[in-house]
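Visitor: everything below, folded, please.
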Amino acid sequence: MSDRRPRTASKRSNVRYNAVVASATVMTSRPPALRRMSKGEAWQEDAWRFYDENGELRFAVGWIANGLSQVNLVAARRPALLGDDPAPLAISEKPMPIDNDAISLTAAIAGGPDGQAQMLAQLARLLTVPGIGWVLIEGGSAQNPDEWNWRVISNDELRAERGDYEVEDEPTDENPDGWRPLDPDHVLIKVWRSHPRRSNKPDSSCRGALRPLRQLAMLDDHIDATCQSRLAGAGLLVVPNEIEFAPIARTVDPATPDAQPDGAVVDDFVEVLIDTMTTPIADRSSAAAVVPLTVKLPGEYVDKVKHITFWSEFSDTVLGLGERAIKRLALALDMPPEVVTGVSGMNHWGAWRVQEEAITLHIEPLAEVICHAITKGYLRPGLLALGHAQADVEQILIFHDVTDLTVRPDLSQNTIAAWDRMQVADSVLRREIGLSETDKPDDAEYRERLILRIIDRSPQLAPALLPALGIPVDLAALGQPYPITPTETTPGRQIGGPPDTANGGEPDAVSGGVTSSADSRLSDDALTAACDGLVYRALERAGLRLRNKAGRRDGGPSGVECADLAELHTRIDASTFSNVHELLEGAWTRVPTVASRYGVPFEELLVAIDSYTRGLLVSGQAHDIDRLRDAIPRTVAAGRF
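Guide: All right, here's what the predicted structure looks like:
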C-alpha cells in the first residue's frame with residue numbers, strides 16, 4: 001500500500017484518499033493469491049465461448065444483468081433481530097456520527113447511480129459466466145485528482161507479474177501489449193462465488209449448463225451441415241441402363257444426331273426428367289408443377305430405381321432434441337426457467353409470481369454477494385480510515401434496495417368493485433389505479449358530481465337538485481311528471497299549502513274555508529305517520545328484491561345478512577344490482593287510499609313520497625320520519641309538482 005500523500009488538501013479529497021488507500025489492504029498484499037486465482041480453468045473458457053455463440057445463454061445472462069442493474073445500493077445498519085432487513089440510513093441534522101459518512105461513501109460508489117447500474121450489470125455477467133469478477137478502484141487523473149475511477153474487470157484482464165498487479169488496457173505506442181501496473185493508490189475487491197467443494201475455486205450456474213450448451217452447439221452444427229448438403233445437391237437417382245424413354249421434340253444437328261453440342265450422348269430419360277423438374281421452378285403456372293411425370297418401364301425394373309441422399313433421417317428429431325436441451329439449460333441457470341422457455345401459457349397472476357420469485361430467489365441473492373464484497377472491501381475500511389470505532393463500523397453495511405424491480409399485481413378492477421360496495425377507502429382506490437392524492441376532487445366538485453349522479457339515476461329529482469348547481473328551473477313550465485286528471489273522487493286540501501296569515505290558518509281545497517293551525521298540524525302528523533308506513537313498506541319490498549339479486553353473487557339470498565330489509569340499501573349499493581324503478585315497482589298501491597283518507601291529491605302525495613324514497617335508495621341513507629315530515633310539505637309548497 002502506498003504512503004503517497006493526497007493530491008489536494010481539501011477535506012473531501014482527504015476523506016476519499018484515506019478511505020480508498022485504507023481499503024487497498026484487501027488484496028494488494030497478496031499477489032500469490034491473485035496469481036492462483038487469475039489462472040483461468042478450462043470450463044471458464046468453454047463458458048465464455050458459449051456466451052459468445054449461444055443466443056439463449058446470452059439472453060439469460062442479459063436478463064439477470066438487466067435485473068441487477070435496477071437494484072439500488074444504500075447504506076444501512078445491521079438489523080437487531082435475525083431475519084429482519086437492515087434499516088437504511090438517512091441524512092439528518094443530528095444523526096449518529098457514522099451515518100453521514102457511510103451515506104457519502106455509498107453514494108460515491110462507481111461515481112453515482114448511473115455508474116452503479118453499469119457496475120452491477122457487469123458483475124452479474126461475471127458471476128453468472130466465469131463465477132468471478134474484480135472491482136478495481138484507482139486514483140484520478142492529473143486533470144481530476146479528486147475523483148476515483150471505478151472499473152469492473154474479468155479474471156482475464158488481471159494478472160500478477162513480478163510481485164505486482166497488472167491490468168490490461170487498450171494498447172498504445174508506449175505499451176503495445178496493453179498491460180500496465182496498477183496505480184499505487186488502488187483498491188482491488190474480489191467478487192465471486194466459491195465452489196462448495198473447494199472454497200478457493202470459483203463456481204457459477206453456467207458451469208452446470210455446459211452439457212446442454214454443448215448439445216445445442218452440436219445440433220446447430222448438424223443443421224448447418226444438413227442445409228449445406230441439401231443446397232449442394234439433391235442426391236443421386238440410380239436407374240438401370242435398360243430403361244429407355246420416348247424422345248422429346250428438339251432440334252438435332254443432322255451431322256451428329258446422337259450427340260449434344262458439347263459432344264455428350266443424348267439420354268432421353270435423363271433429359272425429360274431434368275426438363276420436367278426444372279420447368280416448374282422457372283414457371284409456377286406450368287402444368288408440370290401439378291402433373292406427375294409418367295414413366296413406363298418393364299415390371300422387373302420397377303424396384304431398381306433408387307434415390308440416394310446425403311443426409312440422415314436424424315434431422316426429424318433435431319427439433320425435439322433442441323427443445324429438450326433448451327429446457328435443461330433453463331433449469332441449470334440461476335433464474336426462473338419460464339424466462340427462457342417463455343410464459344405465454346400463463347395468466348397475469350402466474351407471470352407475476354415468476355417475477356416475484358425471480359427477485360427474491362435469484363436477483364436478491366446475487367445482489368447480496370456483491371453488497372457483501374463491497375461492504376468488506378470498501379465501505380468498512382473507509383469508515384475505519386475516517387476514525388470511526390471498529391464496533392460502530394461493524395454495524396454498517398451496504399444493502400440492496402429492489403423497490404424498482406418490484407412489480408405489483410394489477411388490483412385495479414378488484415379495488416373498483418370493492419369501492420362500489422363501500423369496502424375500501426377513496427385513497428385506496430386512487431392508489432391502486434395509479435393516481436395520487438393531489439388528483440382528489442375538492443369538496444365543491446365532489447358535491448357537484450354527487451348531485452349529477454343522483455339526477456342521472458333519478459331524473460325526477462332534477463327540479464329539486466338543479467338549483468343547487470346554479471341552474472334555474474322554471475317549475476311552472478315543467479308540468480307534472482305524473483298525469484293528473486282532477487276528479488271529484490280525489491278532493492282535499494293542498495299539502496303544505498300556504499297559510500292564511502290574516503286568519504291564522506290555511507285554506508281548505510274543498511270548501512275554500514280556513515282550517516285552524518292546530519287542525520292542520522294534527523292532519524299533517526297523521527299524514528306523516530301514514531306515509532311513514534308506506535315508505536317503510538316500500539323500502540322493505542326494495543330490500544327483499546335487492547337481497548335476492550345480491551344473493552346471486554354470494555351463494556343465495558341467505559348469504560346476504562341483514563336484520564331489517566328496509567335498511568339493506570344502506571349496507572350495499574343498490575345501483576350495483578338493480579335500478580330504482582325495478583326495486584320500487586308495485587310499492588305505491590295504497591297511496592290513493594291514504595290520499596283519499598286525509599283529503600289530499602294522491603298524485604302529489606305519490607310524487608312526494610316516491611321522490612323521497614328514491615333519494616334514500618340512491619344515496620344509501622336510512623329512512624327518518626323527521627326528514628319525511630319535512631319532505632312532504634316542502635316539496636309541494638314550492639310548486640314543483
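Visitor: and Thr317, what does it touch?
Guide: Not one residue lies near Thr317 by Cβ atoms under 8 Å, 6 or more residues apart in numbering. (Each C-beta comes from the backbone N, C-alpha and C, glycine too.)
Visitor: so it versus His222, what's the distance?
Guide: From Thr317 across to His222, the span is 10 Å (Cβ to Cβ, to the nearest Å).
Visitor: what ranges do the helices span in the stretch 501-641 of the chain?
Guide: Shown for the stretch 501-641 of the chain, the helices assigned by DSSP state H, counting those that start in this stretch span residues 517-551, 574-577, 580-583, 591-598, 602-619, 625-637.
Visitor: of the ones you listed, which is nearest Ser104?
Guide: Ranking these by proximity to Ser104 (Cβ to Cβ) places helix 574-577 first, at 55.8 Å.
Visitor: just the mean pLDDT for that closest one, thanks.
Guide: Mean pLDDT, helix 574-577: 77.
Visitor: break this protein down into its structural domains.
Guide: Split into domains by automatic domain parsing, the chain comes to 18-210+337-405, 211-315, 410-440, 480-637.
Visitor: confidence-wise, which of these is weakest overall?
Guide: domain 211-315 (a mean of 65).
Visitor: one step back: with distance to Ala110 and mean neighbour count added, can I get the helices of the stretch 501-641 of the chain in a markdown table?
Guide: A markdown table is the format used below for these (distance: least, Cβ to Cβ, whole Å; neighbours: other Cβ atoms under 10 Å):
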| stretch | distance to Ala110 | mean neighbour count |
| --- | --- | --- |
| helix 517-551 | 59 | 18 |
| helix 574-577 | 54 | 18 |
| helix 580-583 | 65 | 17 |
| helix 591-598 | 81 | 17 |
| helix 602-619 | 59 | 22 |
| helix 625-637 | 69 | 16 |
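Visitor: for Leu411, which non-adjacent residue is spatially closest?
Guide: The shortest distance from Leu411 to any non-neighbouring residue, by Cβ to Cβ, 6 or more residues apart in numbering, is to Glu432 (5.1 Å).
Visitor: mind listing what the one you found touches?
Guide: Leu411, Ser412, Thr415.
Visitor: which of those residues are buried, as a PyMOL select command?
Guide: Here is the PyMOL command that selects only those of those that count as buried (16 or more other Cβ atoms under 10 Å):
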select buried, resi 415
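Visitor: re earlier: and the helices of the stretch 501-641 of the chain: which comes nearest Leu361?
Guide: With respect to Leu361, and counting by Cβ to Cβ, the nearest of the helices of the stretch 501-641 of the chain is helix 574-577 at 41.0 Å.
Visitor: CA atoms only for the closest one, dumped as PDB, please.
Guide: Included here for helix 574-577 are C-alpha records, laid out as PDB according to Å, rounded to 0.1, in the frame of the first residue of the first chain:
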ATOM      1  CA  ALA A 574     -78.500  -0.800  -4.700                       C
ATOM      2  CA  SER A 575     -77.500   0.600  -8.200                       C
ATOM      3  CA  THR A 576     -74.900  -2.200  -8.500                       C
ATOM      4  CA  PHE A 577     -77.500  -4.900  -8.600                       C
END
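Visitor: neighbouring contacts of that helix?
Guide: For helix 574-577, the external contacting residues (Cβ under 8 Å, 6+ apart) are Asp420, Arg421, Arg457, Ala542, Leu546, Lys549, Ala550, Val580, Leu583, Leu617, Val618, Gly620.
Visitor: skipping adjacent residues, who's closest to the fourth one in space?
Guide: When you say that, I think you mean Ala542. For Ala542, ignoring the flanking residues on the chain, the nearest one in space by Cβ to Cβ, 6+ apart is Leu583 at 3.8 Å.
Visitor: quick revisit: which of the contacts of Glu432 lies at the shortest distance from Ser596?
Guide: The nearest member of the contacts of Glu432 to Ser596, counting by Cβ to Cβ, is Thr415 at 51.4 Å.
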